[in-house]
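Colleague: Fold the following, please.
(one chain, ligands or ions: 3)
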Amino acid sequence: NAAKPPAPRVAVVLFLLKDESVLLGRRRSSVGDSTFALPGGHLEFGESFEACAAREVKEETGLDIDNIEVLKVTNDLFHEGAEPSHYIMILLRAVLANPNQLPENLEPDKCDGWDWYEWDSLPRPLFWPLEKLLQDGFHPFLIV
Ligand code: 8DG
Ligand code: MG
Ligand code: MG
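Modeller: Ligands and ions are numbered 1, 2, ... in the order given. Have a look, this model is predicted:
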């Protein structure tokens with residue numbers, strides 16, 4: 001059997017908004033290691049974008065979300081891992097179902113910990129696809 005040729009994958013990435021802040025965690029990964037990134041992960045077979053965002057943020061932080069909306073799609077190539085990877089990125093936003101719920105670091109092998117960061121003073125370095133979106137003027141709070 002020949003090895004499967006590489007194929008694009010679908011990633012679902014969430015801007016979880018609270019007041020003027022977004023939830024970010026520092027990645028532990030061969031791709032984007034030590035950079036600040038959004039919660040998210042891979043779309044599973046048969047899953048909606050909204051269900052995937054809710055599942056990934058629950059698995060990674062324990063948080064429950066509401067008002068889930070798709071904002072944008074990007075197409076990104078990553079060259080920094082052992083093998084190149086290609087992602088179709090679905091960007092969503094949501095708010096906390098319960099504003100008093102606190103994030104937990106449920107996958108400490110993949111993240112140093114989650115916290116809220118004000119949009120106007122985000123930590124650096126950001127994971128580069130996120131930095132690229134910001135450079136392009138993307139603003140998750142202002143989209144109607
Ligand atoms: P899974 O096994 O739980 O499905 O996947 P994961 O381990 O949670 O995957 P991930 O690396 O968190 O997300 C999948 C891909 O999404 C990642 O390799 C690259 C892409 N991605 C971006 N920007 C961001 C971002 O800000 N956060 C996250 N988590 N992924 C992002 O391009
Ligand atoms: Mg995940
Ligand atoms: Mg993830």
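Colleague: ok, which stretches of this protein are strands?
Modeller: 9-18, 21-27, 36-37, 40-42, 65-78, 85-96, 111-118 (DSSP state E).
Colleague: Let me have those in TSV, extended by mean pLDDT, distance to residue 138 and mean neighbour count.
Modeller: Every C-beta, even on glycine, is put in place using the N, C-alpha and C of the backbone. As requested, the strands of the chain are exported to TSV (pLDDT from 0 to 100; distance: least, Cβ to Cβ, whole Å; neighbours: other Cβ atoms under 10 Å):
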stretch	mean pLDDT	distance to residue 138	mean neighbour count
strand 9-18	98	9	21
strand 21-27	98	12	21
strand 36-37	98	15	20
strand 40-42	98	15	17
strand 65-78	97	7	14
strand 85-96	98	8	19
strand 111-118	98	16	15
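Colleague: Now distance to residue 57 too, for the ones you listed, in CSV please.
Modeller: Supplementary listing: these in CSV, determined by distance: least, Cβ to Cβ, whole Å:
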stretch, distance to residue 57
strand 9-18, 6
strand 21-27, 8
strand 36-37, 13
strand 40-42, 8
strand 65-78, 6
strand 85-96, 8
strand 111-118, 10
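Colleague: Distance to ligand 2 for these - can I get that in CSV?
Modeller: Compiled in CSV, the strands of the chain are given as follows (distance: least, Cβ to the ion, whole Å):
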stretch, distance to ligand 2
strand 9-18, 9
strand 21-27, 11
strand 36-37, 11
strand 40-42, 3
strand 65-78, 14
strand 85-96, 13
strand 111-118, 9
